[in-house]
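> Pasting the sequence and the predicted coordinates here, then a few questions.
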Amino acid sequence: MHQKLVPLLIVFALFASGCAGTLPDRTRAPNSYAIPKTLDTRLGQLAEAQTTGREDNSGFHLLSGGLDAFVARAFIAEHAQVSLDVQYYLYNNDLVGRLFTWQLIRAAERGVRVRLLVDDMDWEGRDMNASIMAHHPNIEIRIFNPFSRGVSRISQLIARYGTVTRRMHNKSVTADNQVTILGGRNIGDEYFQANPDLAFTDLDVLAIGPVVNEVSRSFDRYWNSDLAFPVHLLNPSKINPHQFDAARLELATFIKQQSDSAYISAMGNSKLAKQLQQGQLDYHWGPASIVSDQPEKISTGFEQTEYHLVPQLAPHWEAVKNELLIFSPYFVPGKEGTAFLTELVRRGVRVKILTNSLASNDVRIVHSGYIKYRTKLLKGGVELYEMNTKRNAGEKDSFSGASVFKGSGKASLHAKSFVFDREKVFIGSLNLDPRSIYHNTEIGVLLTSRGLGQTMGEGFDTMTQTRAFRLELVTDRYGKSRTLWHGTVDGKTKTFSMEPYSSLWDRFKTNLLSLLPLESQL
């Protein structure tokens with residue numbers, strides 16, 4: 001090593017250690033686990049009535065509409081009697097976030113044990129409010145893989161690169177260890193059709209049966225992980241009962257003010273709410289298993305794939321015979337993924353992929369990773385579709401056919417699902433990009449059900465025909481390949497020769513970013 005570099009390296013090391021900060025000792029944080037004997041609860045009785053005679057199979061109800069997806073969460077939280085285990089990457093303090101928080105507090109006041117586990121990526125500045133909420137004896141909140149407090153997060157992204165840059169992306173809520181909801185949605189207005197400016201097209205499933213215990217076991221692993229810090233350790237300020245009472249009163253006042261809002265009214269008129277109340281929800285039945293990353297994935301090297309989800313899915317990808325349907329809002333297949341998908345086509349498998357367009361993508365930098373492989377995929381016979389960001393008047397849900405609440409605003413794909421030969425389905429939090437595959441932790445359910453497979457396939461067909469652009473690779477008169485986007489706009493067929501609804505500046509930035517060595521972080 002050049003001697004002149006030694007002082008610089010020492011200074012950098014000292015700077016990095018100072019920017020990294022420290023975390024409190026969490027070794028005394030007590031372990032806790034899902035409560036097993038809950039069959040006598042109301043939710044347990046509802047589940048047992050449906051599962052009798054089907055003990056080896058699990059039941060699944062697809063939650064494609066955002067309003068219904070929140071109604072389902074509110075229902076199981078409201079009817080929980082023993083426990084609520086809640087795990088999310090993002091938990092916003094907006095209308096939906098406050099409504100759900102109110103449900104958790106009300107549950108705790110009924111004696112329900114509430115465990116809330118949230119990733120720290122978007123939690124900055126919220127430790128005090130969380131500590132006040134966790135002052136209730138039945139509520140415990142833990143923050144996963146926290147940044148050090150009192151130190152700039154930006155500096156930690158550099159000094160703790162490879163640690164705080166890896167996040168818990170899991171999303172699930174489980175009530176009484178009898179009913180679970182998991183899929184692609186975080187807690188926030190845009191995921192549940194409560195944001196007039198942005199509406200994510202997303203997917204969850206409500207599940208009953210043996211698969212629920214698997215979700216609970218996964219939650220316990222994360223909850224008891226060395227990376228899950230009780231919020232009071234991160235916020236040592238002493239909390240008194242008056243602070244909780246004041247916060248509860250403020251939230252209760254807000255909820256009362258919203259009682260006549262269009263969103264609350266729509267929840268009350270939900271057909272799903274009535275079906276849940278009457279125990280008349282329709283389910284798809286079949287064998288199922290939870291596939292998930294282990295929390296150790298965050299703290300170990302990329303090569304230690306025994307902690308990874310993707311190897312669990314690999315045999316199902318390789319076994320597909322006729323058709324593979326992919327919903328992936330953030331899609332960066334890389335060289336290996338591109339080669340695999342085009343090889344499937346060469347074997348006679350029809351591969352169709354729905355992802356976001358440049359205009360519909362809420363994380364534009366990810367699009368820069370995707371466009372590098374777009375031409376190769378099209379040349380290899382992969383059928384690509386990109387989401388149309390423009391919403392249609394009177395839009396219907398692609399899976400249920402129901403009217404979409406708040407159909408205005410920008411549309412963006414957020415569903416993460418794979419359909420194998422319309423017989424086997426994966427629904428979860430996994431994107432097909434390096435960040436999901438190598439860096440973050442994910443969870444999903446893999447189920448075999450011809451009925452659900454057909455429903456998902458028909459939903460894919462409807463979405464790609466009415467709400468997406470079909471990409472076509474053509475050769476111009478000079479022998480140069482270029483891409484065309486074909487779609488329906490205002491009821492008429494239209495073709496774009498450039499990224500639809502994007503500006504010259506948008507396209508320039510995206511192409512520039514595609515030249516930078518960022519792919520491993522996308």
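Nice, thanks for sending it over. Numbering: from 1, shown residues only.
> residues in contact with residue 189?
Residues near residue 189 by CB atoms under 8 Å, 6 or more residues apart in numbering: 92, 94, 95, 96, 97, 195. Every C-beta, even on glycine, is put in place using the N, C-alpha and C of the backbone.
> check which helix or strand covers residue 351.
Assigned by DSSP states H and E, residue 351 belongs to strand 350-355.
> Please list the residues outside that strand that contact it.
Contacts of strand 350-355 (CB under 8 Å, 6+ apart): 322-331, 341, 344-345, 370, 377, 381-387, 413, 460, 463-464, 468.
> So among the residues you listed, which ones count as buried?
323-331, 341, 344-345, 370, 377, 382-387, 413, 460, 463-464, 468 (16 or more other CB atoms under 10 Å).
> residue nearest the centroid of the chain?
With the centre of the chain defined as its mean C-alpha position, the nearest residue by CA atoms, centre = their mean is residue 184, 3.1 Å away.
> Just the buried positions in the strand holding residue 351, please.
Buried residues in strand 350-355, counted by 16+ other CB under 10 Å: 351, 352, 353, 354, 355.
> Kindly export that strand (C-alpha atoms) in CSV.
Extracted in CSV, the C-alpha atoms of strand 350-355 (Å, rounded to 0.1, in the frame of the first residue of the first chain):
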residue,chain,number,x,y,z
ARG,A,350,-45.3,-18.8,-23.3
VAL,A,351,-43.9,-16.2,-21.0
LYS,A,352,-45.9,-13.1,-20.3
ILE,A,353,-44.8,-10.2,-18.0
LEU,A,354,-46.7,-7.2,-16.8
THR,A,355,-44.6,-4.5,-15.2
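> could you give the mean pLDDT of it?
Here strand 350-355 scores 98 as its mean pLDDT.
> right, and the helix or strand after that strand?
Moving toward the C-terminus from strand 350-355, the next helix or strand (DSSP H and E) is helix 364-379.
> For that next one, buried residues please.
By neighbour count with 16+ other CB under 10 Å, helix 364-379 contains the buried residues 365, 366, 367, 368, 369, 370, 371, 372, 373, 374, 377, 378.
> quick one: which of those residues is nearest residue 294?
The shortest approach to residue 294 among those belongs to residue 366, at 25.0 Å (CB to CB).
> Setting the sequence-adjacent residues aside, check what's closest to the closest one.
Spatial nearest neighbour of residue 366, excluding adjacent residues (CB to CB, 6 or more residues apart in numbering): residue 330 at 4.5 Å.
> cool, and residue 206?
residue 61 (4.5 Å).
> low pLDDT regions in the stretch 251-400 of the chain?
392-400 (pLDDT under 70).
> picking that back up, OK, contacts around the residue nearest to the centre of the chain?
Residues near residue 184 by CB under 8 Å, 6+ apart: 171, 202, 203, 204, 414, 415, 416, 417, 427, 428, 429.
> Tell me what the fourth one is bridged to.
For residue 204, the beta-bridge partners under DSSP bridges are residue 63, residue 183.
> Residue 183 is in contact with that one, correct?
Yes - counting by CB atoms under 8 Å, residue 183 is a contact partner of residue 204 at 3.1 Å.
> hey, what's in contact with both of those two?
Counting by CB under 8 Å, 6+ apart, the contacts common to residue 204 and residue 183 are 63, 69, 427.
> quick one: the first one and residue 207 touch, right?
Same thing as residue 63. No - the criterion here is CB under 8 Å, and residue 63 misses it with residue 207 at 10.3 Å.
> Give me the common contacts of the two.
By CB under 8 Å, 6+ apart, the residues touching both residue 63 and residue 207 are residue 181.
> Now residue 246: which helix or strand?
For residue 246, the host element (DSSP H and E) is helix 241-257.
> Toward the C-terminus from that helix, list the very next helix or strand.
Next along from helix 241-257, by DSSP H and E: helix 262-268.
> Quick check: the gap between the residue nearest to residue 206 and residue 379.
Using CB to CB, to the nearest Å, residue 61 is found at 40 Å from residue 379.
> Could you do residue 355 as well?
With distances taken as CB to CB, residue 355 is found 17 Å from residue 379.
> Over to residue 289?
For residue 289 relative to residue 379 (CB to CB), the value is 36 Å.
> just residue 218 next, same as before
To residue 379, residue 218 is 39 Å away according to CB to CB.
> got a list of what residue 111 touches?
The neighbours of residue 111, taking CB under 8 Å, 6+ apart as the test, are 81, 138.
> so which strand or helix has residue 276?
Using DSSP H and E, the element containing residue 276 is helix 271-277.
> That helix: what's the following helix or strand?
As assigned by DSSP H and E, the chain's next helix or strand after helix 271-277 is strand 284-286.
> Name the strands paired with that next one and say parallel or antiparallel.
strand 58-63 (antiparallel).
> next structured bit after the strand it pairs with?
Later in the chain than strand 58-63, the nearest helix or strand by DSSP H and E is helix 66-79.
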